[in-house]
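*Asks:* Predicted model, plus sequence, below.
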Amino acid sequence: MTGLGWLVRRLLGAVMVWMLVSFLSFSLGSLAPGDPAYMILLRRTSDPPAESEVQQLRRELMLDRPFMVRYGRWLSAAVRGDFGNSYRTGQPVFRELRERFPATLVLAITALLVGLVLAIPIAVAAVAVRDTPFDHGARLLAIAGVSVPGYLIGYLLILLFAVTVHLLPTSGADGWRHLILPAVTLGLGGAASMTRLLRASLLDEMSAPYVRSGRAKGLSALAVLTRHALRNALNPLVTLSALRFGRLLGETVIVETVFGWPGVGQWMMLSIYDRDYPAIQGFVLYIATIFVIISLAVDLSYPLLDPRVRPGARTAGA
């Protein structure tokens with residue numbers, strides 16, 4: 001396949017994924033139980049609204065139109081950055097997402113860095129002392145980190161560092177100290193998966209011919225591991241880190257709620273409680289769009305990291 005054909009195929013794939021996500025996002029509001037018009041009017045007054053008022057609001061919100069007509073209008077507006085207005089606050093959904101997203105972005109970036117800082121040295125040390133108690137312990141902790149829910153880790157960290165030793169605050173965003181616990185909570189799960197991947201990649205590299213050549217030239221096993229094998233084993237980790245970052249943006253929903261972090265995750269949880277369908281639809285499409293862009297960027301940049309997967313490389317090698 002030529003480079004241009006490969007690029008077009010990747011772009012079309014990203015567009016198709018985005019269209020599917022947009023359809024599923026819009027379906028959340030249409031398939032969910034309850035009448036949005038009735039719930040909006042019920043928030044304005046303590047008395048149940050009259051049926052005529054409900055029907056009038058349904059016409060204003062175009063809820064009486066067929067599903068595909070409403071989806072087409074919503075998608076056309078969403079492409080222009082208009083996700084509608086929140087039922088709960090009455091404000092444009094895109095504006096609220098834009099205002100709260102920087103806090104979530106800071107949390108996700110910090111959590112990703114925490115994961116990398118933990119994963120790389122642990123994986124390298126585990127491979128350097130393979131089949132020792134440290135290696136077995138690192139593998140066990142990695143499995144536990146992947147298996148334990150994030151909210152449970154968060155509550156345990158609160159119990160230890162905030163309640164027991166009174167070292168860190170439990171909620172808020174008034175400084176860097178408030179960022180530590182939520183970032184570590186999110187970062188531990190990523191560190192576990194990245195440790196497992198990097199360890200497996202390093203073990204594969206350590207069996208490569210160039211490693212045996214380096215040992216034959218007198219290099220120590222640690223020198224070959226850190227100077228040569230690690231560099232080649234980082235390619236899968238780069239891909240996982242980029243995709244992990246996209247996932248972190250969505251995983252902040254629970255963690256931000258636990259720690260009271262004022263990002264889009266906490267705002268999303270409040271929207272779920274209030275059945276704020278435009279906010280839920282907008283959040284899902286907003287985060288999914290970012291994830292699709294990140295995935296496409298990783299897909300397009302991977303041939304630069306590994307020449308073996310460049311379009312036409314296999315044919316040229318043959």
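*Replies:* Nice, thanks for sending it over. Predicted model, so just to flag it, every value in this text is computed and none were measured. Numbers count the residues shown, from 1 in each chain.

*Asks:* use CA for all of it now, contacts and neighbours both
*Replies:* Will do.

*Asks:* Output the below-cut-off pLDDT ranges for the stretch 151-300 of the chain.
*Replies:* In the predicted model of the stretch 151-300 of the chain, no residue satisfies pLDDT under 70.

*Asks:* Would you map the helices across it?
*Replies:* Here the stretch 151-300 of the chain has its helices, by DSSP state H, counting those that start in this stretch, at 176-206, 209-216, 221-224, 230-259, 264-273, 277-305.

*Asks:* ok, residues contacting stretch 64-74?
*Replies:* 23, 26, 30, 58, 62-63, 83 (CA atoms under 8 Å, 6 or more residues apart in numbering).

*Asks:* Buried ones among those?
*Replies:* Neighbour-count burial (16 or more other CA atoms under 10 Å) applied to the contacts of stretch 64-74 gives 23, 26, 30, 58, 63, 83.

*Asks:* Compute the distance between the first one and Asn232, please.
*Replies:* Phe23 sits 40 Å away from Asn232, taking CA to CA, to the nearest Å as the criterion.

*Asks:* Equivalent analysis for Pro102, please.
*Replies:* Taken as CA to CA, the span from Pro102 to Asn232 is 33 Å.

*Asks:* repeat for Ile254
*Replies:* Ile254 is 35 Å from Asn232, by CA to CA.

*Asks:* So between these two, which is more surrounded?
*Replies:* Ile254 (18 against 14; other CA atoms under 10 Å).

*Asks:* Who's the closest spatial neighbour of the more buried one, skipping the chain neighbours?
*Replies:* Tyr151 (6.5 Å; CA to CA, 6 or more residues apart in numbering).

*Asks:* show me what contacts the one you found?
*Replies:* 185, 254-255, 258 are the contacts of Tyr151 under CA under 8 Å, 6+ apart.

*Asks:* these two touch, right, Ala183 and Leu113?
*Replies:* No: the criterion here is CA atoms under 8 Å, and Ala183 misses it with Leu113 at 9.0 Å.

*Asks:* hey, what's in contact with both of these two?
*Replies:* Joint contacts of Ala183 and Leu113 (CA under 8 Å, 6+ apart) do not exist.

*Asks:* Between the two, tell me which one has more neighbours.
*Replies:* Ranked by neighbour count (other CA under 10 Å), Ala183 and Leu113 place Ala183 first, with 24 against 18.

*Asks:* And that one, how close does it get to Val117?
*Replies:* 12 Å.

*Asks:* what does Asp47 give?
*Replies:* 56 Å.

*Asks:* So the two - more neighbours on which side?
*Replies:* Val117 (13 against 9).

*Asks:* most centrally placed residue in this structure?
*Replies:* The centroid of the chain falls nearest to Arg247 when counting by CA atoms, centre = their mean (1.4 Å).

*Asks:* any idea whether Gly81 is helix, strand or coil?
*Replies:* What DSSP: H, G, I helix; E, B strand; the rest coil gives for Gly81 is coil.

*Asks:* Please give me every residue in contact with it.
*Replies:* Phe94.

*Asks:* can you give me phi and psi for it?
*Replies:* phi 90, psi 20 (degrees, to the nearest 10).

*Asks:* do you know how far Ala119 is from Leu113?
*Replies:* Distance, Ala119 to Leu113, using CA to CA: 10 Å.

*Asks:* Could you verify my assumption that the residue nearest to the centre of the chain touches Phe291?
*Replies:* Yes: the criterion here is CA under 8 Å, and Arg247 meets it with Phe291 at 7.3 Å.

*Asks:* Where does pLDDT dip in the stretch 1-150 of the chain?
*Replies:* 1-3, 30-34, 46.

*Asks:* now with 90?
*Replies:* 1-15, 17, 21, 24-71, 73-74, 78-91, 123-132, 135-136, 138-150 (pLDDT under 90).

*Asks:* Show me the strands in it, by range?
*Replies:* Assigned strands in the stretch 1-150 of the chain: none (criterion: DSSP state E, counting those that start in this stretch).

*Asks:* need the contact list for Arg196.
*Replies:* By CA under 8 Å, 6+ apart, the neighbours of Arg196 are 123, 139, 142.

*Asks:* Distance check, the last one against Leu296.
*Replies:* Yep, that's Ala142 we're talking about. 28 Å.

*Asks:* Next one: Val127 from Ala221, what distance?
*Replies:* Applying CA to CA to Val127 and Ala221 gives a distance of 10 Å.

*Asks:* Please apply the same query to Leu300.
*Replies:* 34 Å.

*Asks:* What is the neighbour count of Arg100?
*Replies:* Residues near Arg100, counting by other CA under 10 Å: 17.

*Asks:* Ala119 now?
*Replies:* For Ala119, using other CA under 10 Å, the count is 27.

*Asks:* what's the single longest helix in the chain?
*Replies:* helix 93-128 (DSSP state H).

*Asks:* Would you mind listing the buried residues in that one?
*Replies:* Those would be 93-94, 96-97, 100-101, 103-105, 107-116, 118-120, 122-128, for helix 93-128 by 16+ other CA under 10 Å.
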